[in-house]
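A.B. asks: fold the stuff below for me.
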Amino acid sequence: MTAVFKDHASDRQVKVKWWSSRVAIYAALILWAVICLFPIYWTLTTSFKLAPDVMRGNMIPFVDFTPKWKGWESLGFSPRLIGEVSTVREEFLKRFWNSAIVAVSASTLAVVLGSLAAYGLSRFGYRFGFMRNSDISFFFLSQMILPPVVLALPFLVLYRSLDLLDSRVGLILLYTLMVLPIVIWIMRDQFQGIPVELEEAALVDGLGIWGAFCQIVLPIALPGMVAAFILSLVLCWNEYFFAALLTSTDAKTLPVMVASQTGSQGINWWSMAALSSAAILPLVIVAIFLEKYIIKGMAAGAVK
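C.D. replies: Numbering: from 1, shown residues only. Now for the predicted structure:
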């Protein structure tokens, strides 16, 4: 009887420890999720507040304040104005498409060029003076150490001479250079995690180097490419400094429009919040639909 009692007591302690650990883990995850999602919640609720509600810091709709469409009316997207012609709405849509075209084009170009460069660094040996493959890879990454403000004057002079100021093409080329180092590092790890024997078998079967790369390597590395594309898309979509410096009217993007919601009377928090909510929404949708690729891409190459 004593032995049976001890076994039951031991099992009970194990279950209590297991449940305690699970509760602690989920509590920590829920707390972290609340911390991460709170800025989005604050931004979305602020777009429905009036000035007094913003200043008082009211947080809970229908409890602390009554939601109004003031922020969305400033963009022409309220139920009252949605069927009417709105110059502000047309301006927003123009900036939205500028951001979408520039971010998607730059991210796609960076993934294509970065994947080719990363494949070369992972499969072939290079020598450039004293630099080897690892040095070349670090050189690419080191370009991100340089503060953007240092490049402001050179790019301004260069783009003026090339007639690329206030153009989507100019932003696409610049954003491609900006995110290319990250893509190269992500994709280099992806390709290094793919066994070389697969390509050798493809070459024996009659495929060329490009055939093996396109038919064997790329399908396996696709999750990593999607993860690199999404990361590049987020960085390009949110970039403000160069968009404000190199554009004026035609190619101005959403971050510049969001930052312009300040005037002599202060910050129009409701308008800025509505703009920010509209700018966040596309990235949230992309992340939801491509979540599985993000997880696979980040996990690939960790275990060989």
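A.B. asks: how about the strands in the chain?
C.D. replies: For the chain, strands defined by DSSP state E occupy the ranges 262-263, 266-267.
A.B. asks: which of the ones you listed has the lowest average pLDDT?
C.D. replies: If these are sorted by mean pLDDT, strand 262-263 sits at the bottom with a mean of 66.
A.B. asks: what residue lies at the spatial centre of the protein?
C.D. replies: The chain has V234 as the residue nearest its centroid, 2.3 Å off, counting by Cα atoms, centre = their mean.
A.B. asks: how about that residue, nearest residue that isn't a chain neighbour?
C.D. replies: In this structure, V234 finds its nearest non-sequential neighbour in L283, 6.0 Å apart by Cβ to Cβ, 6 or more residues apart in numbering. From N, CA and C alone the C-beta is placed, and that goes for glycine too.
A.B. asks: over to A279?
C.D. replies: L254 (4.7 Å).
A.B. asks: against L245, how distant is P154?
C.D. replies: P154 sits 11 Å away from L245, going by Cβ to Cβ, to the nearest Å.
A.B. asks: okay, the two: which has more neighbours?
C.D. replies: Using other Cβ atoms under 10 Å as the criterion, P154 and L245 rank with L245 on top: 19 against 9.
A.B. asks: what does the pLDDT read for the more buried one?
C.D. replies: 90.
A.B. asks: same check on the one 4 residues further on?
C.D. replies: The predicted local distance difference test score for T249 is 85.
A.B. asks: verify the stated contact: it with D166.
C.D. replies: Yes. Using Cβ atoms under 8 Å, T249 makes contact with D166 at a distance of 6.4 Å.
A.B. asks: so for these two, which sits in the more crowded spot?
C.D. replies: A count of neighbours by other Cβ under 10 Å puts D166 above the other of T249 and D166, at 15 against 7.
A.B. asks: in terms of pLDDT, where does that one sit?
C.D. replies: 88.
A.B. asks: over to R160?
C.D. replies: 91.
A.B. asks: who's in contact with it?
C.D. replies: If you count contacts by Cβ atoms under 8 Å, 6 or more residues apart in numbering, R160 has none.
A.B. asks: try it again with 10 Å
C.D. replies: By Cβ atoms under 10 Å, 6 or more residues apart in numbering, R160 lies in contact with L246.
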